[in-house]
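> Based on what follows, work out the 3D shape:
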Amino acid sequence: MAAVVGAGLCLTACSSGPSPEKRAQTQAAEDAAELAVNHVRLGDPEAALVEFQRAIELNPLLTRAYIGAGDVLIDLDRPEEAEQNFVKAVSLDPNNPRTHFKLGRALQMMGRVSDAIRAYLTSLELDPTDPLANINVSVAYMQAEEPRLARPFAERAVFLDPNSAPARINLGSIYAAMDEHQRAVDEYQQAAELVDPISPELLVNLAESLRAMGQDAQVVNVLDQLLRTNETPLAWERRGAALFRMGDYEAAMTSFSRALEIDEKHYPALNGMGVYKLNQFIWSDNSDTTALQEALQNFRKSLQIEPRQPKIRELLSRFS
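Residues are numbered from 1 along each chain as shown. The predicted model follows:
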């Protein structure tokens, strides 16, 4: 019996570990990965990618090298290659929620929304408290035109990080898609208090929900705030539409004209001008035929730019 025990101890204690060559190779892989991280910090993604790939060649089981390479490839807008690295990282470390999240991001960039949702949901199964994963899966559901499914994740993201402007903007957009515009406005306004400067996208979203609520004076105020720093044809056109609904027709025409000065192919502004001219014709008891011809000309230009406008096509047909 003693001889057997002694033999067992020898088998455990005397077994050799990795060879010196293997240990050196493993260390070289770690060094390459660390050098790659330094290249990322210095803003040289191509050099970083070379080092991450060298680390993978030296140690095909080095998970962080696959993750690092995938992150660099995402930054280089090469999501197909990033996906391959993240898939490998997931296979090596399936219980790491970040690897599933990163895979989901690559899939989302590639337009594979259903696959991205599955990856994000796996990430959230492993860590339901990640605000960014909750935001991203809700965005993916919105891309799939499923605001009802997006909503609980967006609400959870705000609950987890109430001071996150992106989380509140995302939740506001979901409320708006569900025609809950007062809730959308509340989220947009809270987001506006969290950022400086306020992004143009946030102001446009806020204006759209105020428009849906019939608060055109507030729409004009919000868009005036936007136009002080960022003149866009969209903002001028939406401002013109709000002024038109308020009955300030001349100011509306000025806004539509300004939109077209910036972009002559901004067809909503052409439609706005066309509707104004058509109303001029109607207000004249159908005697101002010059206004009618100008209206029809604007509608024709608009349809040349965007043919899929049944309402404008119907107006053109009715009054031609």
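> show me what contacts the residue positioned nearest the centre of the chain?
The centre of the chain sits closest to residue 139, judged by C-alpha atoms, centre = their mean, with a distance of 7.0 Å. Contacts for residue 139 (C-beta atoms under 8 Å, 6 or more residues apart in numbering) come out as 108, 150, 170. The C-beta positions use only the backbone N, C-alpha and C, and glycine is treated the same way.
> Over to residue 170?
135, 138-139, 154, 157.
> Please tell me the pLDDT value assigned to it.
According to the prediction, residue 170 has pLDDT 97.
> Work out for me the element it sits within.
helix 165-177 (DSSP states H and E).
> what's the answer for residue 154, then?
helix 147-160.
> Now that helix: average pLDDT?
pLDDT averaged over helix 147-160 gives 98.
> which helices and strands sit right next to that helix?
helix 131-143, helix 165-177 (3 or more C-beta pairs under 8 Å, 6 or more residues apart in numbering; DSSP states H and E).
> how far does the last one sit from the chain's center?
Which is helix 165-177. 11 Å (C-alpha atoms, centre = their mean, to the nearest Å).
> moving C-terminal of it, what's the next helix or strand?
Following helix 165-177 toward the C-terminus (DSSP H and E): helix 181-192.
> Pull out the buried positions in that following helix.
Neighbour counts over helix 181-192 (16 or more other C-beta atoms under 10 Å) mark 181, 183-188, 190-192 as buried.
> ok, residues contacting it?
158, 165-166, 168-169, 171-173, 175-176, 198, 202-203, 205-206, 209-210, 212-213.
> Got a PyMOL select line for the buried ones in those?
Entered in PyMOL, the line below selects the buried ones among the contacts of helix 181-192, by 16+ other C-beta under 10 Å:
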select buried, resi 158+165+166+168+169+171+172+173+175+176+198+202+203+205+206+209+210+212
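> Would you map the strands across the stretch 201-320 of the chain?
Shown for the stretch 201-320 of the chain, no strands are assigned by DSSP state E, counting those that start in this stretch.
> Just give me the neighbour total for residue 285.
When neighbours are counted by other C-beta atoms under 10 Å, residue 285 registers 7.
> Likewise for residue 27?
12.
> switch to numbering from 361
Taking 361 as the first residue, the last one we looked at is residue 387.
> any chance of the contacts of residue 499 in TSV, with distance to residue 626 too?
Formatted as TSV, the contacts of residue 499 follow (distance: C-beta to C-beta, whole Å):
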residue	distance to residue 626
468	29
510	30
530	27
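> Closest one of these to residue 476?
Checking the contacts of residue 499 against residue 476 with C-beta to C-beta, the nearest one is residue 468 at 3.9 Å.
> and that closest one, which of the three is it?
helix (DSSP: H, G, I helix; E, B strand; the rest coil).
> Might one say that it is in contact with residue 476?
Yes. Counting by C-beta atoms under 8 Å, residue 468 does reach residue 476; the two are 3.9 Å apart.
> When those two are compared, which one has more neighbours?
Just comparing residue 468 and residue 476: by other C-beta under 10 Å the higher neighbour count belongs to residue 476, 25 against 21.
> Skipping adjacent residues, who's closest to residue 388 in space?
residue 418 (5.2 Å; C-beta to C-beta, 6 or more residues apart in numbering).
> residues contacting that neighbour?
With C-beta under 8 Å, 6+ apart, residue 418 has these contacts: 385-386, 388-389, 392.
> just the buried members of those residues?
Here, 16+ other C-beta under 10 Å leaves 389, 392 buried among the contacts of residue 418.
> Select from the contacts of residue 418 every entry located in helices.
385-386, 388-389, 392 (DSSP state H).
> I'd like the residues you listed laid out as JSON lines, including distance to residue 463.
Output for the ones in helices among the contacts of residue 418, formatted as JSON lines (distance: C-beta to C-beta, whole Å):
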{"residue": "385", "distance to residue 463": "28"}
{"residue": "386", "distance to residue 463": "26"}
{"residue": "388", "distance to residue 463": "27"}
{"residue": "389", "distance to residue 463": "22"}
{"residue": "392", "distance to residue 463": "23"}
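> which one of those residues is nearest residue 610?
Nearest member of the ones in helices among the contacts of residue 418 to residue 610, counting by C-beta to C-beta, is residue 392, at 67.9 Å.
> How about the contacts made by that closest one?
By C-beta under 8 Å, 6+ apart, the neighbours of residue 392 are 411-412, 414-415, 418, 425.
> change it to 6 Å
Contacts for residue 392 (C-beta atoms under 6 Å, 6 or more residues apart in numbering) come out as 411, 414-415.
> related to what we said a few turns ago, from the contacts of residue 418, pick the one nearest residue 588.
Looking across the contacts of residue 418 and measuring by C-beta to C-beta, the closest to residue 588 is residue 392, at 50.5 Å.
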